[in-house]
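Colleague: Need coordinates for the following:
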Amino acid sequence: MDTGILIQKQYGGDVSAFVRDMNDKAREARKIESAKRRREYQRWTQMMRRCYDKKHHAYPTYGGRGICVCQQWHEFEFFYRDVGPPPGDGLSIDRIDNDGPYAPDNIRWATAAQQNANKPSPLPKISIVKNGSMWTARIVVNRCKTFATRKAAQNWLGDLEEKICSPAGSN
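Modeller: Take a look at the predicted model:
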């Protein structure tokens with residue numbers, strides 16, 4: 001629609017009312033964009049803290065196990081340029097390789113369900129291999145949350161070792 005006709009129809013020919021309305025709409029759009037950027041800034045800040053701030057509650061499962069942020073994303077502007085706002089509601093940044101860094105080729109927008117499916121199993125992985133006449137048992141406990149205390153975990157491992165090392169049928 002021609003702007004002149006729009007001003008005539010919607011604003012009764014009052015150009016200053018039209019300008020005020022357009023300025024109000026632009027101001028509102030800037031507020032929304034600013035809020036989106038603030039949310040992204042908060043996401044970036046939390047990502048950086050999880051990886052580098054030893055006092056952050058999640059540091060042990062991120063920075064404490066070697067998860068880092070690619071060097072270019074140490075500056076928010078580059079992070080925002082690569083990631084931008086989420087493409088929909090209820091999405092957050094997820095690392096595709098859970099043991100890999102936060103980097104352009106290792107992140108995606110994911111739902112909470114997708115993120116939960118991308119977590120390593122809290123259960124230990126056990127493999128037993130025969131090498132000649134010797135057997136080797138390998139137990140990997142990867143961020144296991146089963147135990148309330150270190151002592152409980154040690155007791156469990158002791159019980160498991162006893163079961164593995166006992167002759168067949170003695171348990």
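Colleague: mean confidence for the helix ranked longest in the chain?
Modeller: Using DSSP state H to define each element, the chain has its longest helix at helix 15-52. Mean per-residue pLDDT for helix 15-52: 81.
Colleague: For it, buried residues please.
Modeller: By neighbour count on 16 or more other Cβ atoms under 10 Å, the buried set for helix 15-52 is Phe18, Glu40, Arg43, Trp44, Met47, Met48, Arg49, Arg50, Cys51. C-betas here are computed from N, CA, C, even on glycine.
Colleague: which non-adjacent residue is nearest the second one?
Modeller: In space, and not counting its chain neighbours, Glu40 is closest to Tyr80: 5.6 Å by Cβ to Cβ, 6 or more residues apart in numbering.
Colleague: my guess is the one you found contacts Met47, does it?
Modeller: No - with contact defined as Cβ atoms under 8 Å, Tyr80 does not count as touching Met47 (12.0 Å).
Colleague: so where's the protein uncertain?
Modeller: Filtered on pLDDT under 70, the chain yields the residue ranges 1, 3-4, 6-7, 31-32, 35-36, 120-125, 139-148, 164, 166-171.
Colleague: that older thread, buried set for the stretch of helix or strand the residue nearest to Glu40 belongs to?
Modeller: Assigned by DSSP states H and E, Tyr80 falls within helix 76-83. Neighbour-count burial for helix 76-83 flags Phe79, Tyr80, Val83 (criterion: 16+ other Cβ under 10 Å).
Colleague: Packing partners of it?
Modeller: helix 15-52 (3 or more Cβ pairs under 8 Å, 6 or more residues apart in numbering; DSSP states H and E).
Colleague: Quick one: the helices in this protein, in order.
Modeller: With helices called from DSSP H, the chain shows them at 3-11, 15-52, 76-83, 112-117, 150-165.
Colleague: Export those as a markdown table, with columns for distance to Asn98.
Modeller: Below are the helices of the chain laid out as a markdown table (distance: least, Cβ to Cβ, whole Å):
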| stretch | distance to Asn98 |
| --- | --- |
| helix 3-11 | 53 |
| helix 15-52 | 13 |
| helix 76-83 | 18 |
| helix 112-117 | 9 |
| helix 150-165 | 21 |
